[in-house]
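1. What follows is a predicted protein model with its sequence.
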Amino acid sequence: MEGVFLGQIGLFPYGYEPTGWALCDGKCLAIKDNSKLHSLIGTKHGGDGTTHFALPNLMGTEPIHNTNYYIALEGESPTEEE
């Protein structure tokens, strides 16, 4: 996805997961299917670190009613500046 960083979190007014994004509801994902995202966030939000890791759970923290936080499952890999 152009202009989007892998692992970027966005607030959207959708009642569905946009393509390439996942709802930040704490669900576990398979590392084998999402290895790049796992390398960025690890098990900070849960998971066993061997086969699964968890997305952040931001449910209930939305500043505006009928919006949701989503995390980018694909996109440009962010780089760390020194």
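-> Ah, there it is. Because the structure is a prediction, the values reported are computed rather than measured.
2. Just say helix, strand or coil for the residue nearest to residue 61 when sequence neighbours are not counted.
-> Leaving aside its sequence neighbours, residue 61 sits nearest to residue 69 (C-beta to C-beta, 6 or more residues apart in numbering; 7.2 Å). Just so you know, the C-beta spots here come from the backbone N, C-alpha and C atoms, and that holds for glycine as well. At residue 69, secondary structure determined by DSSP: H, G, I helix; E, B strand; the rest coil is strand.
3. I figured residue 69 hits residue 58, correct?
-> Yes: assessed by C-beta atoms under 8 Å, residue 69 is found in contact with residue 58 at 4.1 Å.
4. Enumerate every residue touching the spatially most central residue of the chain.
-> Centroid-nearest residue in the chain, with C-alpha atoms, centre = their mean: residue 71, separated by 3.0 Å. Contact analysis of residue 71 by C-beta atoms under 8 Å, 6 or more residues apart in numbering lists 7, 8, 9, 21, 22, 24, 37, 55, 56.
5. thinking again about what came up before, okay, and the common contacts of residue 69 and residue 58?
-> 9, 24.
6. Who does the residue nearest to residue 46 when sequence neighbours are not counted form a beta bridge with?
-> Closest residue to residue 46 apart from its sequence neighbours, by C-beta to C-beta, 6+ apart: residue 54 at 3.3 Å. Beta-bridge partners recorded for residue 54 (DSSP bridges): residue 28.
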